[in-house]
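1. A predicted structure for the sequence below; I have some questions about it.
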Amino acid sequence: MISAPGIGSGLDVGAIVDQLMTIERQPLNRLEADKQGLQTQLSTLGQLKSSLTTFQSALSGLQQLDSFETYKAGSADETAFTATANSNASAGFSSIQVIAMAEAHKTGSAAIADTDTTTLGGAGDQINLSVGGNSFSVNAGGLTLSEIRDAINDAPDNTGVSATIISENSGSHRLVLTSTETGSANAMSLSFTGSLGSTLGLTDINNPSQLDSEILIDGLYTVNRSSNTIDDAMTGLTINLVGVSDTAAELTVSRDIESVTGSVQTFVDGFNQLRTTMKSMYGSDPALDSTLRNIESRMRSTFNTPPTGLNGSFNYLTEVGVSFLKDGSLSLDASDLEAAIASDFAGVAQLFANDNQGYLFRMDSVIDNFVEFDGQLDIRKDSLNNRIDSVDNRIFEMEFRLQLREQRLLDQFSALDSLMGELQGTSNFLTQQLAALPTIQSGR
């Protein structure tokens, strides 16, 4: 029995089978090429979705009127106050003088000889603390100063009191209680049971009725608040108090043209980046080309459809300096935008960021139709994955058949090799026998 192909006759069975299998594998090679093409389409589709999502994320950061109808506020004396403005502000000038800063109510104890040895009050004595109408109690009798501090800070129902210890020297330590919020409305109210109150001897460090901040606006209007951040005294403005001032300083509110231009430029740049990415994807797959054309058509339709129901002066982006170039990209003319801002500041903001008809919201809706879960790109992705699975199944079945086919060819050619070897042996035997026959002499 021949154990290896080609031993019987010298026939190169392996090479013959390999060549035949190369032909047999051509359909498999086509399937693998089809699979590679589908995977390339799937990868490109993922890149497209990522690019659309990136642009959508850029839009989401701009879909507030504050991104376009922005004001900036400036203080002539930032050691007294600083200020910020939102879209509800109005351009203009005011004077601000900081008369008083808001403080947190503080009380301090009598001097205690040590913090960790001397106990105060009797067992069961309580401190009852109230801040802003909310109260809690602490069992502090018979505890050291450090233990009382920790009991207050760690109380699970602590409503806004912080306790600390100030050590003046080795024999003088004082418990200081501070409200965690500023203003007279957040002043602490304390009561005690037993002898704890007299032992601690807590007294006010500052006047609980004079803890509010106070500012004078335009030399006429006095504003008192519990905080040093005042956001309800002037429409659209937040005034942050820094320090008391002897004189008034000017507060300036103006349109933040640079910020508005930056927001519009972000939109333009994001669209152009998306456009460049999509343009590079054309030609790889007819189905993808159709999707790309669909996206571009929907976006261009949005650009060409004016909003409805807005009260501003503008209907098209070209009116505020945003226009298409010949290559399909967007361009911003900053001078035209600045002129539009000067003409109708609120109208520019509405054109971009109205929460129903603004161009950014409508563009976001277009993109969402493609990138959302089970959106058009997901449907296309599922279709490609199904086709890849189908090709994988066909490849698996064909590889199995090819393995059987290769084994049959090896068996057939091995049998042929063996037969040819036997025939070759018979031929050699007959040749030897014929050569051994006596030669017949002629003429005898």
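-> Nice, thanks for sending it over. Numbers count the residues shown, from 1 in each chain.
2. can you list the residues that contact the host helix or strand of residue 347?
-> Assigned by DSSP states H and E, residue 347 belongs to helix 345-353. Residues outside helix 345-353 that contact it (CB atoms under 8 Å, 6 or more residues apart in numbering) are 62-65, 67-69, 87, 255, 260, 263-264, 267, 307, 310-315, 317, 319-320, 337, 340-341, 358-361. To be clear about C-beta, it is placed using only N, CA and C from the backbone, and glycine gets the same treatment.
3. Verify the contact between residue 204 and residue 106 for me.
-> Yes: applying CB atoms under 8 Å, one finds residue 204 in contact with residue 106, separated by 7.4 Å.
4. out of the two, which sits in the more crowded spot?
-> Taking other CB atoms under 10 Å, residue 204 and residue 106 do not tie; residue 106 has more neighbours (17 against 14).
5. Setting the sequence-adjacent residues aside, check what's closest to the more buried one.
-> Leaving out its chain neighbours, the residue that sits closest to residue 106 by CB to CB, 6 or more residues apart in numbering is residue 205, at 3.9 Å.
6. if I look at the one you found, how far off is residue 107?
-> Going from residue 205 to residue 107 by CB to CB, to the nearest Å gives 6 Å.
7. now residue 349
-> Taking CB to CB as the measure, residue 349 falls 50 Å from residue 107.
8. higher neighbour count, these two?
-> Comparing residue 349 with residue 107 by neighbour count (other CB under 10 Å), the higher total belongs to residue 349, at 23 against 20.
9. Residue 255 versus that one, what's the distance?
-> Residue 349 is 11 Å from residue 255, where distance means CB to CB.
10. With residue 333 instead?
-> 18 Å.
11. before we move on, what about residue 329?
-> 28 Å.
12. same check, this time on residue 175
-> Distance from residue 175 to residue 255, by CB to CB: 53 Å.
13. and what of residue 277?
-> Residue 277 sits 34 Å away from residue 255, taking CB to CB as the criterion.
14. Those two: which is more packed in?
-> residue 255 (19 against 16).
15. can I assume that one is in contact with residue 91?
-> Yes: counting by CB under 8 Å, residue 255 does reach residue 91; the two are 5.9 Å apart.
16. Give me the common contacts of the two.
-> Contact criterion CB under 8 Å, 6+ apart; residues shared by residue 255 and residue 91: residue 71.
17. re earlier: please pick the buried ones from the contacts of helix 345-353.
-> With burial judged by 16 or more other CB atoms under 10 Å, the buried subset of the contacts of helix 345-353 is 62-65, 67-69, 87, 255, 260, 263-264, 267, 307, 310, 312, 314, 317, 319-320, 337, 340-341, 358-361.
18. Which neighbouring elements make contact with whichever helix in the chain runs longest?
-> Identified as the longest helix of the chain according to DSSP state H is helix 376-436. Contacts defined by 3 or more CB pairs under 8 Å, 6 or more residues apart in numbering; DSSP states H and E place helix 376-436 against helix 13-24, helix 26-60, helix 286-304, helix 359-371.
19. And the last one, what's buried?
-> Within helix 359-371, the residues that qualify as buried by neighbour count (16+ other CB under 10 Å) are 359, 360, 361, 362, 363, 364, 366, 367, 370, 371.
20. Save these as a markdown table, and put in distance to residue 122 too.
-> Shown next, in a markdown table, are the buried residues of helix 359-371 (distance: CB to CB, whole Å):
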| residue | distance to residue 122 |
| --- | --- |
| 359 | 74 |
| 360 | 69 |
| 361 | 68 |
| 362 | 73 |
| 363 | 73 |
| 364 | 68 |
| 366 | 75 |
| 367 | 72 |
| 370 | 75 |
| 371 | 70 |
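21. In JSON lines, list those along with pLDDT and distance to residue 165.
-> Listed next are those as JSON lines, based on pLDDT from 0 to 100; distance: CB to CB, whole Å:
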{"residue": "359", "pLDDT": "93", "distance to residue 165": "61"}
{"residue": "360", "pLDDT": "92", "distance to residue 165": "56"}
{"residue": "361", "pLDDT": "91", "distance to residue 165": "57"}
{"residue": "362", "pLDDT": "92", "distance to residue 165": "62"}
{"residue": "363", "pLDDT": "92", "distance to residue 165": "60"}
{"residue": "364", "pLDDT": "91", "distance to residue 165": "56"}
{"residue": "366", "pLDDT": "91", "distance to residue 165": "63"}
{"residue": "367", "pLDDT": "90", "distance to residue 165": "59"}
{"residue": "370", "pLDDT": "85", "distance to residue 165": "63"}
{"residue": "371", "pLDDT": "85", "distance to residue 165": "58"}
